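>>> generate coordinates for the sequence data below:
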Amino acid sequence: MPAGHTSNLMALRDPDIRLMLRVRDDDPAAFAELVQRFQHRLVAILHHLLGDRDEAEDLAQEVFLRVYRHRKRYTPKAKFSTWLFTIANNLALNALRDRKRRPVQPLEISESGSLCHEPQQPLADAHSSTSFPARRLHQEELALVIRRALDTLNERQRLAIILNKYEDMNYADIAQVMGLTTKAVKSLLSRARAKLRECLQGYIEIDGDSSSASSCEDGPPHTASSP
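Next up, the predicted model:
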């Protein structure tokens with residue numbers, strides 16, 4: 001099947017591809033709409049990966065700059081979101097490697113050593129503390145606990161969980177973003193979910209039928225509103 005015909009079929013199924021094709025044709029309004037549509041989601045994902053909101057916002061801008069600079073070479077071969085998050089993942093990995101080579105001491109660090117805006121009780125200590133008994137959490141508390149649980153995952157596990165539940169990506173799409181096989185993604189998600197269940201046990205009813213329990217097991221709630 002000719003490449004152009006394949007692109008047309010994909011564009012019919014994915015409105016984001018149609019929008020990117022308009023960007024490729026130098027439609028400035030289309031690029032503005034694309035940024036508006038994905039900016040909050042992209043920043044939220046990068047924030048989860050990097051742990052720094054300012055760095056996430058800067059990196060999101062770099063992602064969009066790369067999209068625009070290379071717009072003329074764009075050919076749909078996957079869902080647009082898969083292509084976009086592949087770029088974001090590559091840039092995030094580069095940023096994390098640079099951080100390891102040139103460690104920067106953040107201004108504020110939690111007692112557990114993770115980045116945060118204010119000191120927090122370490123997750124393991126809070127789990128065993130009688131001051132924070134097992135109970136159903138309000139939405140804001142739930143988001144905080146889930147974020148801290150996500151921070152216990154390694155970089156690949158965290159990204160896989162976020163893409164699977166936060167962006168509703170299937171195994172094949174996640175594999176493409178992360179450069180892994182589908183089997184490797186399944187294994188990665190299985191280990192990540194097991195670790196999250198262990199971390200969240202005592203905060204929520206993991207095996208219960210409540211909406212709070214299911215939302216924790218499924219992944220992080222949206223921390224930024226979608227455009």
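>>> for the host helix or strand of L46, buried residues please.
Assessed by DSSP states H and E, L46 sits inside helix 28-50. When burial is assessed from 16 or more other Cβ atoms under 10 Å, helix 28-50 yields the following buried residues: 30-31, 34-35, 37-50. C-beta coordinates here come from the backbone N, C-alpha and C atoms, glycine included.
>>> what's the mean pLDDT across that helix?
Average pLDDT, helix 28-50: 94.
>>> list the neighbours of it that are in contact with it.
Helix 28-50 has contacts (Cβ atoms under 8 Å, 6 or more residues apart in numbering) with 16, 19-20, 22-23, 53, 55-57, 59-60, 63-64, 67-68, 71, 81, 84-85, 88-89, 92, 95-96, 147, 150, 155, 158-159, 162-163, 166-167, 220, 222-227.
>>> now the helix or strand just after that helix - C-alpha only, PDB.
The C-terminal neighbour of helix 28-50 among helices and strands, as given by DSSP H and E, is helix 53-69. Below are the C-alpha coordinates for helix 53-69, written out as PDB (Å, rounded to 0.1, in the frame of the first residue of the first chain):
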ATOM      1  CA  ARG A  53       7.800  21.500  37.400                       C
ATOM      2  CA  ASP A  54      10.000  24.300  35.900                       C
ATOM      3  CA  GLU A  55      12.200  21.800  34.100                       C
ATOM      4  CA  ALA A  56       9.100  20.000  32.800                       C
ATOM      5  CA  GLU A  57       7.700  23.200  31.300                       C
ATOM      6  CA  ASP A  58      11.000  24.100  29.700                       C
ATOM      7  CA  LEU A  59      11.300  20.600  28.200                       C
ATOM      8  CA  ALA A  60       7.700  20.700  26.900                       C
ATOM      9  CA  GLN A  61       8.600  23.900  25.000                       C
ATOM     10  CA  GLU A  62      11.600  22.100  23.500                       C
ATOM     11  CA  VAL A  63       9.400  19.200  22.400                       C
ATOM     12  CA  PHE A  64       7.100  21.600  20.600                       C
ATOM     13  CA  LEU A  65      10.000  23.500  19.000                       C
ATOM     14  CA  ARG A  66      11.300  20.200  17.600                       C
ATOM     15  CA  VAL A  67       7.900  19.300  16.300                       C
ATOM     16  CA  TYR A  68       7.700  22.600  14.500                       C
ATOM     17  CA  ARG A  69      11.300  22.600  13.200                       C
END
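>>> filter the contacts of helix 28-50 to the buried ones?
16, 19-20, 22-23, 55-56, 59-60, 63-64, 67, 71, 81, 84-85, 88-89, 92, 95, 147, 150, 158-159, 162-163, 166-167, 220, 223.
>>> domain-wise, how is the protein divided?
Annotated domains of the chain cover 3-101, 123-218 [automatic domain parsing].
>>> least reliable of those domains by average pLDDT, please.
domain 123-218 (a mean of 74).
>>> burial measure for A184, as a count.
When counting by other Cβ atoms under 10 Å, one arrives at 16 neighbours for A184.
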